[in-house]
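**Student:** Below: sequence and its predicted model.
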Amino acid sequence: KQWYQRRVRGRDYDEGPPESVVKIGKLLNLCEGDLVLRADNEMVPYFNAPIYLENKQQIGKIDEIFGPINEYMMSVKLLPNMTADSFKRKQPFYINPMKLLPMSRFLPKPPAPKGPKVKRLGGAGGSFRGRGGGRGGRGRGGGGRGRGGGRGRGKRDRTASTGATSTQY
């Protein structure tokens, strides 16, 4: 097998070198045979994404991402035929642009705008019973499955009072 082949669901998948690479960061330090890179890119890489030199030669894969979100760092696990001592400080490293995610995926979403409250009918929120269902019967006359409510997962039940169907998870 070549260095760019990997197994996917029992088959060999030839990913090969990417068509283009973008700069991901510079070498900050060496630690226990791994490289520690400081990110120069606004995007966040996938875990296990291959890391390349400028000539598209793969040197390793991203192992961990750590540090503050605005200036994160990452450790790179080198391929078996590479040594950490062969790289210089501040040397740039590159990544396939398809292996990057936007930073907005990792930031909290802004709160929804507050509007006027809508009053709901039907007590504590309608027919939604949540996981596991409620305890006990539905008053006189049964009106459903009896004591205990539905305890199974994924079973469909008909709520007698509203006629609505709900799926419990």
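**Tutor:** Yep, it's here. Quick caveat: nothing in here was measured; it's all calculated off a predicted structure.
**Student:** Just say helix, strand or coil for the closest residue in space to residue 98 that isn't next to it in sequence.
**Tutor:** With CB to CB, 6 or more residues apart in numbering as the criterion, residue 98 has its nearest non-adjacent residue at 7.1 Å, and that residue is residue 18. C-beta here means a position set from N, CA and C on the backbone, and glycine is covered the same way. Under the three-state scheme (DSSP: H, G, I helix; E, B strand; the rest coil), residue 18 adopts coil.
**Student:** which ones are touching residue 18?
**Tutor:** By CB atoms under 8 Å, 6 or more residues apart in numbering, the residues touching residue 18 are 52, 56, 96-98.
**Student:** Sort out which one of those lies nearest residue 34 for me.
**Tutor:** Nearest to residue 34, judged by CB to CB, of the contacts of residue 18 is residue 52 at 16.3 Å.
**Student:** so how far is residue 60 from that closest one?
**Tutor:** Going from residue 52 to residue 60 by CB to CB, to the nearest Å gives 9 Å.
**Student:** residue ranges for the strands of the protein, please.
**Tutor:** Secondary structure of the chain (DSSP state E): strands located at 5-8, 11-14, 22-31, 34-39, 44-45, 50-52, 58-66, 73-78, 92-95, 100-101, 156-158, 165-167.
**Student:** Packed most tightly, which of those strands would that be?
**Tutor:** strand 50-52 (a mean of 24; mean count of other CB atoms under 10 Å).
**Student:** picking that back up, of the contacts of residue 18, keep whichever come out buried.
**Tutor:** When neighbours are counted using 16 or more other CB atoms under 10 Å, the contacts of residue 18 contain these buried positions: 52, 96.
**Student:** from the contacts of residue 18, which two are the most distant?
**Tutor:** 56 and 98 (13.6 Å).
**Student:** and the closest residue to residue 57 other than its chain neighbours, what does it touch?
**Tutor:** Take residue 57 and drop its neighbours on the chain: the residue closest to it by CB to CB, 6+ apart is residue 17, 7.9 Å away. Residue 17 makes contact with 4, 52, 56-58, according to CB under 8 Å, 6+ apart.
**Student:** Please identify which of the residues you listed is nearest to residue 114.
**Tutor:** Using CB to CB, those come closest to residue 114 at residue 52, 47.4 Å.
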